[in-house]
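**Student:** Build me a model from this:
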Amino acid sequence: MKKVRVVIWNEFVHEREEGAAGDYIRTVYPAGIHACLAEKLAAADLEIRTATLDEPGQGLPEPVLDETDVLVWWGHCAHDRVDDSLVDRVQQRILAGMGLVVLHSGHYSKIFRRMMGTGCRLRWREIGEKERLWVVDPSHPVAAGVPETFTLPHTEMYGEPFDLPDDGKVVFLSWYEGGNVVRSGVAFRRGAGKIFYFAPGHETFPIYHDANILRVIGNAVRWAAGTILPPRVTPQPEPPERVATENPLKELDTKELHDRKQGR
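**Tutor:** Numbering: from 1, shown residues only. Below you'll find the predicted structure:
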């Protein structure tokens, strides 16, 4: 059985902060959110590794990214520290077929906003209120084995309006104790790649210890895994059928124009 090669990327900043907040976060995720997810998602069909912002290549040098089938992304306070060149490479890998699972505050990451083409802004409130999730598309593979509805006792509220493009398939909807609602689980396709955004999760709440949440993320990883396509070759100088129409520009050398357009 071929395993799905998964990289769980975490900026790994909150968990190392000094002071009371950092001390508390370490009681929930002592080795970091990435380590918690790697441990709890471990399965025979997954080959999981972790990566963090402070590692060489910001955790995703080309050899690592080139061997990744699904990238799980968690970020919050260091979105601006992610190099645009890395975002470019991740984008191309997604378009070629790599899956992307974006968690919680990763909605405002450079890569998610790049792939969505929108601002990805939403309302938020952090008072530890209850969240109730509903499965609105039980036929979707990410919802497999998940109860129709379940609750998280304490969470950060994410609310509508949520600036997402209209082509997303809503799988989960959340209601919060304070009255807000949000599309909390949405699936997209970009090029040959699949993307799933899942809102629940926070550095100060043990949400990534919840069995239902972990099942959703595991399902999302398996759903997003696909075939990585080779780089696409777009020029086709020889047509598959005979062209009888005479080329009016046959005496004009346009090669330089095309080379410049394609950045060659």
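
**Student:** hey, let's count contacts and neighbours off CA atoms from now on
**Tutor:** Will do.

**Student:** Can you tell me what sits against the lengthiest helix in the chain?
**Tutor:** Ranked by residue count and defined by DSSP state H, the top helix of the chain is helix 211-224. Under the criterion CA atoms under 8 Å, 6 or more residues apart in numbering, residues 4, 6, 37, 40-41, 70, 72, 98-101, 141-147, 150, 193-196, 198, 200, 207-208 lie in contact with helix 211-224.

**Student:** Go through that helix and flag the buried ones.
**Tutor:** For helix 211-224, burial by neighbour count (16 or more other CA atoms under 10 Å) applies to 212-224.

**Student:** Take the residues you listed and lay them out in JSON lines including pLDDT.
**Tutor:** Shown next, in JSON lines, are the buried residues of helix 211-224 (pLDDT from 0 to 100):
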{"residue": "212", "pLDDT": "98"}
{"residue": "213", "pLDDT": "98"}
{"residue": "214", "pLDDT": "98"}
{"residue": "215", "pLDDT": "98"}
{"residue": "216", "pLDDT": "98"}
{"residue": "217", "pLDDT": "98"}
{"residue": "218", "pLDDT": "98"}
{"residue": "219", "pLDDT": "98"}
{"residue": "220", "pLDDT": "98"}
{"residue": "221", "pLDDT": "98"}
{"residue": "222", "pLDDT": "98"}
{"residue": "223", "pLDDT": "98"}
{"residue": "224", "pLDDT": "98"}
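
**Student:** farthest-separated two in those residues?
**Tutor:** 212 and 224 (18.2 Å; CA to CA).

**Student:** Quick one: end-to-end distance for stretch 14-26.
**Tutor:** 9 Å (CA to CA, to the nearest Å).

**Student:** And it, what's buried?
**Tutor:** Buried residues in stretch 14-26, defined by neighbour count with 16+ other CA under 10 Å: 14, 15, 22, 24, 25, 26.

**Student:** For residue 113, state which of these is nearest.
**Tutor:** residue 14 (21.8 Å).

**Student:** Would you mind measuring from that closest one to residue 97?
**Tutor:** As for residue 14, its distance to residue 97 is 31 Å (criterion: CA to CA).

**Student:** now do residue 166
**Tutor:** Applying CA to CA to residue 166 and residue 97 gives a distance of 21 Å.

**Student:** The two - which one has more neighbours?
**Tutor:** residue 97 (23 against 9; other CA atoms under 10 Å).

**Student:** pretty sure residue 150 is touching residue 132, no?
**Tutor:** Yes: with contact defined as CA atoms under 8 Å, residue 150 and residue 132 form a contacting pair (5.8 Å).

**Student:** for residue 59, phi and psi?
**Tutor:** For residue 59, the backbone dihedrals are phi 90, psi -10 (criterion: degrees, to the nearest 10).

**Student:** in stretch 2-17, what's buried?
**Tutor:** 4, 5, 6, 7, 8, 9, 10, 11, 12, 13, 14, 15.

**Student:** Contacts made by it with the rest, please.
**Tutor:** 22-23, 25-26, 29-34, 37-38, 44-54, 59, 67-78, 203, 221-222, 225.

**Student:** Would you map the strands across this protein?
**Tutor:** According to DSSP state E, the chain carries its strands in the segments 4-10, 46-52, 70-74, 99-103, 123-135, 149-159, 169-176, 181-190, 193-198.

**Student:** Give me the helices and strands touching the longest one, please.
**Tutor:** Using 3 or more CA pairs under 8 Å, 6 or more residues apart in numbering; DSSP states H and E as the contact definition, the elements that strand 123-135 packs against are strand 149-159, strand 169-176.

**Student:** Mean pLDDT and distance to residue 239 added to those, as CSV?
**Tutor:** Formatted as CSV, the helices and strands packed on strand 123-135 follow (pLDDT from 0 to 100; distance: least, CA to CA, whole Å):
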stretch, mean pLDDT, distance to residue 239
strand 149-159, 98, 52
strand 169-176, 98, 38
